[in-house]
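Participant: for reference, the sequence and a predicted model appear below.
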Amino acid sequence: MTMTEPTPPVDPVLQAALPAASAVDSPARNTWRRFLREPLGVAALVVLVSLVFVAVAAPLLADYPTGYGNAVLSPPSGANWFGTDSLGLDVYSEVVWGARQSLLVAAAASVIAIVFGTLLAVLGAYFRRLDAVISVVVDLTLSLPVLPLMILVAALIGPSTITIILVIAAFSWPEVTRVVRSQALAVVRLPYVDAARLMTSSPAWIIRRHVIPAVMPLILVSVVLTSSRAVLSAAGLAFLGLGDPNTWSWGRILYEAQQAGAMSTAWWLPMFPSLAIFLLVLASTLLSTAYNDARNPRRNKS
Amino acid sequence: MISRPRLITAAVAVALLAACAPEAPGTGSGGSTSGNQVSDATLTIATTTDVVNYNPLVGNSRSDYWITNLMYPHLLSIGPDGNKQPELATKWGYDNPTSGYYEIKSGLKWSDGKPLTAKDVAFTLNATKRDKPAGTLTGQLTNMASATAVSDTRVEVKLSAPDSTVIPEVGFWGNIVPQHVFEPAGSVAKFANDGSNGGWVSAGPYVLSDVQRGQSYTMTRVDNYPLVEGGKPKAAKIVYRVFPDVNTEILSLKNGDVDVIANSLPPAQVKGLQGTDGIKVAEVPGLGYAHMTYNMTKPDLAKKEVRQALAQAVDYDAIRKVVLQDQGVSTGSSPIMPVLKDFYDDSIKEYSYDPAGSKKLLQQAGYTADGNGNFPLTFRMIYSLQDPVTTQWATLVKDGAAKAGITIELQGLERNTYLAKTNAGDFDIYAGNFAIMDDPATNMALTYLPKGAINYSYVDDSALNDLITRARVTFDRDKQRPILQKAAKMVRDNVYDNIMYTQNLYVAYRSDWSGFSVKPSELLSIVNPISVASATKSK
Amino acid sequence: MSLLSFVLKRIGRGLLTIWFAVTVTFLMLRLLPGDPAIAIASTNMTPAIRAELLRTYGLDQPLPVQYVKYLGQLLQGNLGISFSQNIPVTDSLMEMLPWTLLLVGASLVVTVLLGIPLGVAAAARAGGVLDRLVQVVAVTGQSLFVPSVGILLLYVFGLQLGWFPIGGAYTDGTYGGAWYVSVISHLVLPSLSLVLVQLGSYVLTVRSTLIEALGEDYVTLAHANGLPGRRVLWKHALRNALLPTTTLIGLQICLYLVGGVILIETVYAYPGIGRGIYDAVIRLDFPLLQGAFLLLAAVVVVVNMITDVVYGLLDPRVKVGS
């Protein structure tokens, strides 16, 4: 599994992204064709794209929920497809606009985590001395319970969008580093990299030209998975009262439902944001699995 | 086939569990039934806050108050009209402007058999004055010099300055503690009173017998409790259970796992619970108010027109209708609440919601709006995130101000930061609420006199100061009233304080329980000692 | 590498991890914005108590000195005084720990009992319909938002069906045998919630490692030796797949002990450490928050150590070095 002693094993989906020892990187078009043959994967892609579309096109789909409404906590109806919340605002609008914030936080946090994590992984793979330090820090961080740490930091700094993004990113990068690192190490030892070293003395060029493309599929899968987990973390933090109270997010809808004592009496209030989170995470994971299967057709068959 | 690794892991887990397994409690007895009432029933009360400490002189969370109130009596209680009523004390008043007295019931005993006399009262007051525990009573004793028990039932209180508020307020707020338990501990400010010395000593109706921190607090009946009808509390046991999540609390009430929810219901849940079978909802008149204060040390807010403009940019009706679900009542923007029937002045009218009028006021004050209608006025408003109702109307306030061209930046804070910033004056606008403002003279002194403990607007108006100080030394209610009403009008007209509403609270309980007596404010509601001692369960 | 040096090395790593956790929390509370004194002294405390605490932890001194004092206090088992409860943090945590262990232990047992057969079933017919179904169900579990699930379960099984009590760890007023029964009935729904969240990842790992094992040389060899397929699957592949799954049990506790447990204990009013963390956050009770985190980290490390040692005991290859 990892280069160091047995540590928490990798997420199965992420691990499956590692190419099998004897596999040759398939050309992109073959991968895409194989992917299209998997109904689950295609469905997941459609769902994911729809969610992103909803987030991007929010202004076109719903009015920004502000102020108050007259019908408080009313069930779904023609006027309010997802019902109203404790201030009478339309839950559908909240979910649509919440998609923006939730996806933004997820994407930002995972991009930061991935950029940082990949950088460290690649540098560690290339420069052996750095590697020792980095892998120790990664393993140590991975051994710690993450949500309480996030809670501690968020409680100290105070809730805000930036805090949430940074906190989630800070505790998501080690997993990325560990996975990317093993692949990067494999690439760095390949003969053509040695050859490249003869041609140029610039590590940056080698890294950019050879190592990064080799780990790219891993990074892609990482983006999707880390983002979806970030959504769950952000929602969890928001539910505990550590989310940003000034912007609409799925976590905030759930938090307000909890505060209003409405979670069991107004089922639509917790259900729709939970459903949105559920769809996002489910689709992300299925998409990643399908992508891996398409890239390495022999991987998951006996 | 059980493999070794699973066995080992299982064994380790079992060993760990066995080593620190929670212990089962000892033996006990259940309840019996007779007639159509369950006698010796157990009343289970749910609360969302955990108990922090057991020393009533160092009050802290709501649950602390509820539980210690069942053990340590108050001299005075309060009635539905806001007037003080006898509890431990049967008579109270002043012999002269600097000397007051309480006469207490005779023949009372603590649960360990020792008599409850005026000496305990005197001790409580003197020790609090001396040790200054961090609690409300300490603040009430500022003008008290000393207390003396001149007999078993009479306490005389010497004041260092004439003050008509000391006797009623001290009587209402102070819990009387047993001298023989608290005195040996040294300072009452540091005494934890955690029952580690053989349990608790209570004057009834109940005494704490078992504590499972964070879970449940069990109290057993003190058989001799003269203050309740019949002299003996009806329920044999009271159990307070802690639920961090109000949603689970409500489900638990519906399920019958708890009998009462002590914390007031979120406004949006009241109607639903009123219509639920097996549940009754009691209305508890609020004794406090929600308000915003404008920090007058800031140059813009020092201008009366700006404050008036802000006050007219709030849609009070919408807040009461939507956020409070019509459970809030306007006070006419006056710091004297409608429930205090003796003092309330209904000629004081609430600020009207008129954003256009606000704009005019600002222009009169010399501010010019830009192309979008926005004035160069931005204010930072702080509120506590732990207060869901305030959190909700804060956004409405911001929206209303925007209509008047004023920008409000909301800064929701967790409780300790909120308290710290409040005390440091680190805000432009403060939004919060006081649970109990039972005596206008005391409250105004604290709220509007310079250096008053809760003067969050930093107002210092000499005419107002004059009125308030005079009210405090006026012992005749009829003479005091017009002074206070004039002061209230001054506060309202100058927007020294923006009182938004007083909220009527609702508490839910299972309908097989009855006999509760409601008192104003969440601290008393249906969980005040007499009410709890009178509650019975039908079969 | 001999067994002894392996075990010692593992313990060394465990201690290093705990030290790391300790240092991280120390630095966090003193370097992040805000008054560093909030790490140990609440503004509600009397000045005398506050001054004493500040002296014990040396908050007026340079960082390295503080660190040494802090470590010293920890080694003495002094985690400070909880602001909100006014008792030593250690006492508070010790009251909460058994309940969390009970909750996690119960969920773990159920997860393993359900997870292994499901993982095997999926691996045996990898690529087939059953496999696809199991994968989707597994991923579904991981995608759920815990508090919503918790309230739903309470509503359906607690309120509507009335099968289980709502909230708390046991029923007050029960004694002896009845008490144990009430503990179990209060345990069912919270651990069910935890199982729902944990099961997916567990099943997937069992499945993927079993598939890998099924492709290993010695399985092919066993087949070539003429052993019937079923027995190969169960006896050899499962034995090998159990190695990573044991490690995974450790992982389960690490990852989900806290993420899910905090939310579950809050919703179910279950008096464990997760709930303690929630309460500590509400009140910004930093000593308690810090202590709870350290305790959890220690539990995680200890469990990991134990499972790794077990792993080492079982797999001869590990002892010879990776």
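Facilitator: Nice, I can see it. Computed from a predicted structure; not experimentally measured.
Participant: where in the chain is pLDDT low?
Facilitator: If you meant another chain, say so; for now it's chain A. For chain A, applying pLDDT under 70 flags the ranges A:1-27, A:201, A:296-302.
Participant: I was thinking of chain C, sorry if that wasn't clear
Facilitator: Ranges of chain C meeting pLDDT under 70: C:1, C:32-46, C:57-59, C:126, C:213-259, C:311-322.
Participant: tell me where it has helices.
Facilitator: Secondary structure of chain C (DSSP state H): helices at C:3-31, C:47-57, C:63-75, C:89-124, C:129-142, C:146-153, C:176-214, C:217-224, C:229-231, C:238-267, C:273-282, C:286-314, C:316-319.
Participant: the third one close to chain A?
Facilitator: So that's helix C:63-75. No. Contact of helix C:63-75 with chain A (CB under 8 Å from any CB of the partner chain) is absent, the minimum separation being 15.6 Å. Where C-beta positions appear, they are placed from N, C-alpha and C, glycine not excepted.
Participant: so how far is that helix off the chain centroid?
Facilitator: Remark: helix C:63-75 is offset 27 Å from the chain centroid, using CA atoms, centre = their mean, to the nearest Å.
Participant: for it, packing partners?
Facilitator: Other helices and strands packing on helix C:63-75, by 3 or more CB pairs under 8 Å, 6 or more residues apart in numbering or on different chains; DSSP states H and E, are helix C:3-31, helix C:47-57.
Participant: for the fourth one, same thing?
Facilitator: With contacts defined as 3+ CB pairs under 8 Å, 6+ apart, the packing partners of helix C:89-124 are helix B:4-19, helix C:129-142, helix C:176-214, helix C:238-267, helix C:273-282, helix C:286-314.
Participant: distance check, the closest residue to chain C within the stretch 151-300 of chain A against chain B.
Facilitator: Residue of the stretch 151-300 of chain A nearest chain C, by CB to the nearest CB: A:Val281 (3.6 Å). To chain B, A:Val281 is 23 Å away according to CB to the nearest CB, to the nearest Å.
Participant: equivalent analysis for A:Leu280, please.
Facilitator: Counting by CB to the nearest CB - A:Leu280 and chain B are separated by 24 Å.
Participant: give me phi/psi at that residue?
Facilitator: phi -60, psi -50 (degrees, to the nearest 10).
Participant: so it sits against A:Val49, correct?
Facilitator: No. Using CB atoms under 8 Å, A:Leu280 makes no contact with A:Val49, being 11.6 Å away.
Participant: okay, those two: which has more neighbours?
Facilitator: A:Leu280 (24 against 12; other CB atoms under 10 Å in any protein chain shown).
Participant: contacting residues for that one?
Facilitator: With contacts defined as CB atoms under 8 Å, 6 or more residues apart in numbering or on different chains, A:Leu280 is in contact with A:48, A:51, A:102-103, A:106, A:228, A:231, C:143.
Participant: between those, which is closest to chain B?
Facilitator: Among those, and counting by CB to the nearest CB, the member closest to chain B is A:Ser102, at 19.6 Å.
Participant: secondary structure element for the closest one, which one?
Facilitator: Assigned by DSSP states H and E, A:Ser102 belongs to helix A:91-126.
Participant: next, the buried residues of that helix.
Facilitator: For helix A:91-126, burial by neighbour count (16 or more other CB atoms under 10 Å in any protein chain shown) applies to A:91-103, A:105-110, A:112-114, A:116-118, A:120-126.
Participant: how far off centre is the following helix or strand past that helix?
Facilitator: Next in sequence after helix A:91-126, counting helices and strands by DSSP H and E, comes helix A:128-142. Relative to the chain's own centre, helix A:128-142 is displaced by 22 Å; criterion: CA atoms, centre = their mean.
Participant: next one: stretch B:39-47
Facilitator: 22 Å.
Participant: now swap in stretch B:273-288 and tell me
Facilitator: 18 Å.
Participant: what comes into contact with it?
Facilitator: Contacts for stretch B:273-288 (CB under 8 Å, 6+ apart): B:78, B:80, B:82, B:250, B:253-254, B:256, B:264-265, B:270, B:329, B:337, B:339, B:433-438, B:502-512, B:516, B:518-522, B:524-526.
Participant: now for the helix holding A:Ser102, which elements pack on it?
Facilitator: Using 3+ CB pairs under 8 Å, 6+ apart: helix A:91-126 touches helix A:39-56, helix A:58-61, helix A:128-142, helix A:161-188, helix A:212-239, helix A:250-259, helix A:268-295.
Participant: chain center to stretch C:71-81: distance?
Facilitator: 23 Å.
Participant: what pairs with C:Pro88 across the strands?
Facilitator: According to DSSP bridges, the partner residues bridging C:Pro88 are C:Ile81.
Participant: nope, B:His74 is what I meant
Facilitator: B:Asn175.
Participant: near chain B, which residues of the stretch 151-300 of chain C?
Facilitator: C:151, C:154-155, C:158-159, C:162, C:165-169, C:172-173, C:175-176, C:179-180, C:183, C:239, C:242-243, C:246, C:249, C:266-269, C:271, C:275-276, C:278-279, C:282-284.
Participant: swap in 7 Å and give it another go.
Facilitator: With the criterion set to CB under 7 Å from any CB of the partner chain, the stretch 151-300 of chain C comes near chain B through C:151, C:154-155, C:158-159, C:162, C:165-169, C:172-173, C:175-176, C:179-180, C:242, C:246, C:249, C:266-269, C:271, C:275, C:278-279, C:282, C:284.
Participant: what subset of the residues you listed is buried?
Facilitator: By 16+ other CB under 10 Å, these give C:151, C:154-155, C:158-159, C:165-169, C:172-173, C:179, C:242, C:246, C:249, C:266-269, C:271, C:275, C:278-279, C:282, C:284 as buried.
Participant: out of those, who's near chain A?
Facilitator: Near chain A, by the rule CB under 7 Å from any CB, you find C:151, C:155, C:278, C:284 out of those.
Participant: if we can go back for a sec, from the contacts of A:Leu280, which two are the most distant?
Facilitator: A:Leu103 and C:Ser143 (15.3 Å; CB to CB).
Participant: the residue lying closest to C:Pro287 once chain neighbours are set aside and chain B: what is the separation?
Facilitator: Ranked by CB to CB, 6 or more residues apart in numbering or on different chains and with sequence neighbours excluded, the top spatial neighbour of C:Pro287 is C:Gly80, at 3.6 Å. According to CB to the nearest CB, C:Gly80 stands 16 Å off from chain B.
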